[in-house]
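Need coordinates for the below:
(2 chains)
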Amino acid sequence: MYGLGILKGMAVTFKHFVATYMDDIFWASRGGRYYNDEALAVRQSLEGRGVITVFYPEEKLPVPERFRFVPFLVTDEPAPGQKWGHEWCTSCGICAKACPPQCIWIKRGTQPNGRPKPEPEEFYIDIDICMNCGLCAEFCPFDAIKMDHDYELASYDRTTAHIHDKERLSKPISYWREIAPRKAEAEAAARDFAQESKQKKKGKRGEGSDEPEARLEEMKARQLIYKGELY
Amino acid sequence: MSDMILEAPHAGAMPDSAEDPIAAATAVLKQRFPDHIQDETRDGYEGIVVHPDKVVQVSQALRDELGFNYLSSITGVDLIEENKLELVYHTYSINQGGPALVMKVQVDRDNPVLPSLVPVWPGAEYQEREAYDLFGFQFEGHPDLRRILTWDGFHGHPMRKDWKEPFFEEDNKPFGSRWPGGEVSRAEEKNPFGKNVQYPAGWVPTLEEPEAETDSYAGITYTREQSTGLKTDKVTINMGPQHPSTHGVFRMALTLDGETIVGLKPVMGYLHRNHEKIGERNTFIQNIPYTDRLDYISSMSNNHGYVLAVEKLMGVDVPERAEWIRILMVELTRIVNHLWAVGFLLNDLGALQTPMLYFYIERELILDLFESTSGSRMMCNYMRFGGLAYDLPEDVRGTPIMKFLHDLIYDRLPRALEQGDVLMTGNEIVRARGIGVGYLSAEDAIAYSTAGPVLRASGVQYDVRRAQPYSYYEHLDFDVAVRYNGDIYDRYLIRLDEMQQSLRILQQVLPHLQETEGSSIISGKPQYAIRMPRAGESYGRVENPKGELGYYVTAKRRDANPARYHVRSPSFINLTALEKMSLGHKVADVVAILGSIDIVLGEVDR
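Purely as a prediction, here's the structure:
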C-alpha cells in the first residue's frame, strides 16, 4: 500500500512522543519534570526512553573527571591571608615545548646569584589559541599544570581577557582534588611512590647523588598511571 | 554488479599469485619500459621512479593489464636539496586488495611540467589541482588546471619548503621564544600588510579583484544546441558557500538548463588552513590533536590513521589491549559518523530534523563514552604512538564501563538502528527521491577514485579493513557491506548496513576488553619529543567512515618533525565524482546527492 512506509515512520515518531510524556509524568511526582538532577541523570543515560532537552545554562550536565578545558597551574594551599600558595611549576618548559599551537609562554625566574630559579616568573596561556588537547598536562613531570573543568570563559574583551597570566591560572591543589578526585589520588600515590624510592636510594648511597635516579622512579610511577593501574 | 569489476585481469599479464604482486607488476613494467623506470634507491622508501615522459603509458599498463586500477592518492613532495619536485602515486588493485604499488615521478623544481593523469584516471582531477595549487606542478593535458584550495589571488605555492607564511616565526616547533625568555609577540599585533606578506606581482590588496570570480565558471561550457525543445539560455547560479544544504562553507557553481543541471563545479577552500604545512612544522605528537580537526565527526579514526603511519615509520608495537580499545573507539566512531550522515541526508531529503535528532540521542551516548575516556566529546586526541593516552574509565556517567558498553552494544544501539530503519527506509518520499538519483556506475566509482560507502554502494566490494588489514581486523568476523545500484538510496542503505557490521565487530571486541583488563595500554614511555629512529616514508591508511583515509609521512633520521605530511582525505576525493553523479538531475537533487557523499569541510579544505 502506498503510504505505508510513511505511516510506519509516523508510528515511531508517535512512540517517541508518548515515551517522552510518560517520562514527564513519571518524574512530575518525583521532583519535577525540569530542573531535576536526578531525573536528568536517568533520562540522559542508556535507560532514557523519551526525548529530553537540557536547559543550559540553568541546567548543566556534570562533566567527567577527565574532561579537559583550558589548563590551570597547581599551587600549594595558600597560607592564611595570602592569595595563592607556592607554585608547583618549576618552569622546566616541557608544556611550552609539547604545546601543539604554542600557546604557552614562560619566563623562567632567576635567583639573585643569576642561576635559574625553579619557579616561573611569568606564565601565560593564550586561550584563544589553546586547543584543549591536554598534552601539557599529560607530559608535565611535576603535576603542575592540569586541565580545568571550567568551560564558561566568554568575556567582552578579547585581547586582554583571553591571555591568562599566572595569577589567573593559579589554583590550589584542593581545587584539583575536588574536580578530579580519582586522578588526583593516583597522582599523589605516584609521587609518594617516587618519594619512597628516593628515600631508599638515599639511605643506600648517601645524599646528593640520587637526583636523576629519583626522577626516573617518578617517571616509572607515572607509567603506572598511564597504564591505568592506579586508577 | 558489472562483470568487469570482479573478473580477474586476463591471465597473460597477470603474475603468478604466489608471488608478491607488487614485485611481479614491477618486473613486468621494467621489462616493458626499461629506459624509463628506475628502482627507488633511497633507504626506507619503496616503489618505482618513472620518467615523466612515460607516466601515462605506465599508468595505462597498470590500470588495464596489471590490475592496479585504483589510483588512491597523489602526493607532491618538495625535494629542495636536490632541486626537484616529486609526485607520489599510490595505486591499488581493487580485485586483489593488498598493498600499494607506489609510483614516483621526479621533475625539475624550476620547471615542474609533467603529463596529467586525468585521461587515465578521472579521479586525479582535483588531486592534481591540489598539487598544482600547493606545489606548482604544471600538468599538461589537465582539463581545468586552477587553484583549488587557496584563492586565485594567492602568491606562490605554499607547500614548497622555501615558502614562508605571513608572521613566519620559525621553521619548526617548538618555537624558541616560548621558553625560557617568554618573549612572545602576537601575530595580530603586527601589521597585517607588513613586510612578511606576499602578493602576486601587480596585485594591490586595496583594489577589488575583477578576474578571480569568473575563473570559477571558466570550466563550465555549454552550447545552445544541446537543449531540446524551447531554446533558452543557460543560467549559472551559485549554491553556497552560505547555504544550509552544503554542510558547511562549500560552493557549487551550477549551470542550469531550465532546472536541469548541465554543469557543476565545486568551489572549496573556505576552511583551508594548510593543515599539511602546519603538520610539517609540528613535532610528530603535536599532529595528533590537529588530525582531530580534519573530519571532526570522526576524530578517533583520524587519530588511528596517523598513528599507524608513524608507528610504521618508528617500528613500535602496540599492546593488545590498546589495539582492542582502538577498534572499539573506531567502530563506535563509524556508528557516530553514519548516524550523523544518515540524519543529514534525510534532512536534505526533506525529513527535517526528526530522524536526525533521534539519531543524535544515540550519538550523545557514544560521545559520553568518548568524553569519559579521552576528555573531549569530539576532539578526542586519544591515540599515541605505540598505544593510547588513557585506559578506559571506570564508569560513564555513573554506569560501570563494561556494563555501559554491554548495554550500549547489545541493547541500545541495535534497538535504535532498528527503529531508525523503520522510521525512514520504507518511506515513500525517501524512496522516490533516492532511487535512481545520483547514479554512479562501478566503473566510474573506481575511475573517480571514490572510497568508502560511495564506492561500495556502487557495487565495488572494497574495504581497507579487508583489502589490507591493519590493527586486529584480520581476526574479526564481519562482512564488507555492498550495494549495487549506486544511487542515493543505496548510499543511504549501505550506511545502515555498515552500522550493523560495526555492531558485529564491537560484540567481538567486548570479551577481549574484559580479558585484557589491567594490562598495559602503551608500549614504552610516553614521550613528548620523538626523534625518528630512521629515515623513510610510510603510508598509513584506514577505512574511515567516509572512505579511505591515508597519511603519507616521510622523515629524516633523528628528526623531530615530519619532512612531508600528506593527508589523503576521502571527502575531498569523493567530491571529484559529484559532477558525474549530478548531471541531468534537478537542483533539489544535487542537495541530496551531496548529502549522500557525506562530506565534512574540515577534511575537504584541510
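
Relative to residue B:25, how far out is residue B:271?
Here residue B:271 is placed at a distance of 38 Å from residue B:25 (CB to CB, to the nearest Å). To be clear about C-beta, it is placed using only N, CA and C from the backbone, and glycine gets the same treatment.

And these two? Which one has more around it.
Neighbours were counted for residue B:271 and for residue B:25 using other CB atoms under 10 Å in any protein chain shown; residue B:25 has more, 24 against 19.

In three-state terms, label the more buried one for me.
Classification of residue B:25 by DSSP: H, G, I helix; E, B strand; the rest coil places it in helix.

for residue B:262, same thing?
The local conformation at residue B:262, judged by three-state DSSP, is strand.

quick one: pLDDT of it?
On the pLDDT scale, residue B:262 is placed at 86.

Distance check, it against residue B:599.
In terms of CB to CB, residue B:262 sits 23 Å off from residue B:599.

who's more crowded, the two?
residue B:599 (26 against 20).

The more buried one: what's it in contact with?
By CB atoms under 8 Å, 6 or more residues apart in numbering or on different chains, the residues touching residue B:599 are B:247, B:248, B:250, B:546, B:571, B:572, B:574, B:575.

Which element, helix or strand, includes the spatially most central residue of chain A?
Nearest to the mean C-alpha position of chain A, by CA atoms, centre = their mean, lies residue A:147 at 3.3 Å. Using DSSP states H and E, residue A:147 sits in strand A:145-148.

Okay, now the unreliable bits of the stretch 1-150 of chain B?
The stretch 1-150 of chain B contains residues with pLDDT under 70 at B:1-19.

residue ranges for the strands of it, please.
Assigned by DSSP state E, counting those that start in this stretch, the stretch 1-150 of chain B shows strands spanning B:37-39, B:48-50, B:70-79, B:84-92, B:101-108, B:113-115, B:138-140.

and the third one, C-alpha only, in PDB?
Extracted C-alpha coordinates of strand B:70-79, given in PDB (Å, rounded to 0.1, in the frame of the first residue of the first chain):
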ATOM      1  CA  TYR B  70      42.500   2.300  -8.500                       C
ATOM      2  CA  LEU B  71      44.500   5.500  -8.100                       C
ATOM      3  CA  SER B  72      44.200   6.300  -4.400                       C
ATOM      4  CA  SER B  73      46.400   9.200  -3.700                       C
ATOM      5  CA  ILE B  74      48.600  11.700  -5.400                       C
ATOM      6  CA  THR B  75      51.100  13.500  -3.100                       C
ATOM      7  CA  GLY B  76      53.500  16.200  -4.100                       C
ATOM      8  CA  VAL B  77      56.900  16.300  -2.300                       C
ATOM      9  CA  ASP B  78      59.400  19.100  -2.400                       C
ATOM     10  CA  LEU B  79      62.900  17.700  -2.600                       C
END
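
Partner strands of it and their direction?
Using DSSP bridges, the strands paired with strand B:70-79 are strand B:84-92 (antiparallel).

could you point out which element follows the helix or strand harbouring residue B:443?
Assigned by DSSP H and E, residue B:443 belongs to helix B:442-447. Next helix or strand after helix B:442-447 toward the C-terminus (DSSP H and E): helix B:453-457.

CA-only coordinates of that following helix, as PDB, when you get a sec.
Provided in PDB are the C-alpha atoms of helix B:453-457 (Å, rounded to 0.1, in the frame of the first residue of the first chain):
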ATOM      1  CA  PRO B 453      30.300   4.000   1.300                       C
ATOM      2  CA  VAL B 454      30.200   5.800  -2.100                       C
ATOM      3  CA  LEU B 455      32.400   3.200  -3.700                       C
ATOM      4  CA  ARG B 456      30.700   0.200  -2.000                       C
ATOM      5  CA  ALA B 457      27.200   1.500  -2.800                       C
END
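
For that helix, name the packing helices and strands.
helix B:442-447, helix B:488-515, strand B:547-555 (3 or more CB pairs under 8 Å, 6 or more residues apart in numbering or on different chains; DSSP states H and E).

I appreciate the help and will end here.
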